[in-house]
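Novice: I'd like to go over a predicted model; first the sequence, then the structure.
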Amino acid sequence: MDLMAAIGFLGTLITFEEAGKSWLQIVKEKIKNKEIDINKWDSNDPIVQRCLDRFKTDMRGQYRDYIFSTEEVDEIISDFFNQNKNSPINYEEKQELSSIIRNIFHAYNDYTKSQMSSGERTLHNEISVTKEKLMDKLDWIEKQPRRENIQRFLRSVENSKEIELENIEECINGEYEIDRSELLKTIQLEGERLISIQGNAGSGKSVICKKILKDKEYVLATRAENLSTVKSINELWNCDLEDVCQWLDSKSLYIFVDAIEFIADCGNNAFLILQELYRFAEKNKNVRVITSCRSADSSAFIKVNSKYRIKSYEVMDLSKSEVDKIAMKYPVIFELQKSKKYSDLLISPFYINLIISGGFEIEKIDEEINFRNIIWENIICLKNRCKKYNVLQSDVRDSIQKIVFERAKTFSVGVDSDIVGSDILEALRSEGIIVESVGKLRLKYDIFEDICFERYIDKAFESCRGEYNNFFSKIEKLGRCIYRRYQI
């Protein structure tokens, strides 16, 4: 219903054409002196009566048999004051006049009903009830898209917590927790909204991020590779994030992008999505963004980090005192500490975890390079476990490379499980070599992928026999993904 005419008619009523006085004071005086009998809509003052008659005639002409709802009267009052912004009235006067206007429209509703026959009044009441039901239905329909959007958002929050964050292991051997309380306390006290957790491979960056997000109500998490596959940040979690922020009101939304080093060489699109994410957070002060990134690759993000004032925190390698504490619980680490050749291994929580949980024999562990070869053969390719699943190690090795290279070439968060045979898939799943999310799979640790690329590049280099052009031609067949791995 167009209410503009009613606002105009209201203006003619309360002006009364008396020059030199405020229209508010005139109305207040008329009401006070009972010169306007609201209930009877008549006045002894001929000037006032002409205005009342004009108001009634104009309103009846425009809104014949129309009864104004409470919401419509409130809208009229709001628009009326907006059209009279320069009138010298204070808050109390505004409240008083609002009450007067409500009385006018209540009286007009009574006046309209008095002009109806009993049959018309009955029909009007039935129509009013029907209209109210219809408006409730329309309101429900209008709110449906938001309900569906919030439902998609909440499903993404559930997946982020139960899959993405759950896949991050917090403890060595599932039981020993490294004390990172000082770093976590610093991050909490500084309260930055846009932060980057950096450190060497296997230092525990993702674990720090998981601890920051622990017990947070609304968390959206994704692997960085997903940024290269979407056209907007809404596609990352299949919901309208602007609408989500309005729904959250002042509640915080935490967004976690893990391992952004993987988009360092995958083209501009991923960087544009990352920047869109930061712009979204700048616009909405209840949004916090956390990323993890290897220190060696952080230079690729210098411009972005500077532009959006990203605060970086470094997860340091393990100190001697920290390794000493671990050695007190695990004899294998205590024995390895005795030789300096293992020092590079014992600064990494990742390697310490593999040594302890993998049941390695000390005499078979050499310097880091040889140890990574043992990881490849014994852990990733299941050297001593293939018979258990009735599969060949060569087939496992081929499947591992297929998973790693296909994922890297497409810059995707994972590959379809059907590219791997069912027996091998079951073996990799049972031994904890792969993780799965939303029908996609990848190797559990990024370092496992690094080792796979190392093996491939080393073999290609050995086989080229000094023909370096052949070497580069071979590895370049994997596409842009090979550049960063070659640098590693």
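Specialist: Arrived safely.
Novice: Sketch out the low-pLDDT regions of the stretch 51-200 of the chain for me.
Specialist: Low-confidence segments of the stretch 51-200 of the chain (pLDDT under 70): 51-66, 80-81, 83-90, 93-94, 96-97, 100, 111, 115-145.
Novice: rerun that using 90 as the cut-off
Specialist: The stretch 51-200 of the chain contains residues with pLDDT under 90 at 51-151, 162-164, 166-167, 174.
Novice: domain parsing for the protein?
Specialist: 4-115, 150-316, 366-487 (automatic domain parsing).
Novice: and the end-to-end length of the longest one?
Specialist: Going back to what we said before, that points to domain 150-316. Domain 150-316 has an end-to-end distance of 39 Å (criterion: C-alpha to C-alpha, to the nearest Å).
Novice: and it, how far out from the chain's middle?
Specialist: 9 Å (C-alpha atoms, centre = their mean, to the nearest Å).
Novice: weakest of the domains of the chain by average pLDDT?
Specialist: The minimum mean pLDDT among the domains of the chain belongs to domain 4-115 (a mean of 61).
Novice: Would you format the domains of the chain as CSV with distance to residue 351 included?
Specialist: No exception for glycine: its C-beta is placed from N, CA and C like everyone else's. Output for those, formatted as CSV (distance: least, C-beta to C-beta, whole Å):
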stretch, distance to residue 351
domain 4-115, 67
domain 150-316, 6
domain 366-487, 7
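Novice: do you know which of those domains lies nearest residue 349?
Specialist: In terms of C-beta to C-beta, the element of those nearest to residue 349 is domain 150-316, at 4.9 Å.
Novice: Strands of the stretch 151-300 of the chain, start to end?
Specialist: Taking DSSP state E, counting those that start in this stretch to define them, one finds strands in the stretch 151-300 of the chain at 194-199, 219-223, 253-258, 287-294.
Novice: want to try TSV for those strands, with mean neighbour count and distance to residue 385 as columns?
Specialist: TSV is the format used below for the strands of the stretch 151-300 of the chain (neighbours: other C-beta atoms under 10 Å; distance: least, C-beta to C-beta, whole Å):
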stretch	mean neighbour count	distance to residue 385
strand 194-199	22	31
strand 219-223	23	27
strand 253-258	24	28
strand 287-294	24	30
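Novice: Spit out the contact partners of residue 331.
Specialist: With contacts defined as C-beta atoms under 8 Å, 6 or more residues apart in numbering, residue 331 has no neighbours.
Novice: distance of it from residue 341?
Specialist: 18 Å (C-beta to C-beta, to the nearest Å).
Novice: do the same with residue 163
Specialist: For residue 163, the distance to residue 341 equals 39 Å [C-beta to C-beta].
Novice: Now the nearest residue to residue 167 once chain neighbours are set aside: which helix or strand?
Specialist: The spatial neighbour of residue 167 that comes closest, neighbours along the chain excluded (C-beta to C-beta, 6 or more residues apart in numbering), is residue 435 at 4.9 Å. Using DSSP states H and E, residue 435 sits in strand 434-437.
Novice: Now do that strand: which elements does it pack against?
Specialist: Applying 3 or more C-beta pairs under 8 Å, 6 or more residues apart in numbering; DSSP states H and E, one finds that strand 434-437 makes contact with helix 422-430, strand 440-443.
Novice: Most tightly packed of the ones you listed?
Specialist: strand 440-443 (a mean of 20; mean count of other C-beta atoms under 10 Å).
Novice: May I have that one as CSV, with CA atoms only?
Specialist: The C-alpha trace of strand 440-443 is given here as CSV (Å, rounded to 0.1, in the frame of the first residue of the first chain):
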residue,chain,number,x,y,z
LYS,A,440,38.7,-36.5,-2.2
LEU,A,441,41.9,-38.0,-0.9
ARG,A,442,45.5,-36.8,-0.4
LEU,A,443,48.6,-37.9,1.5
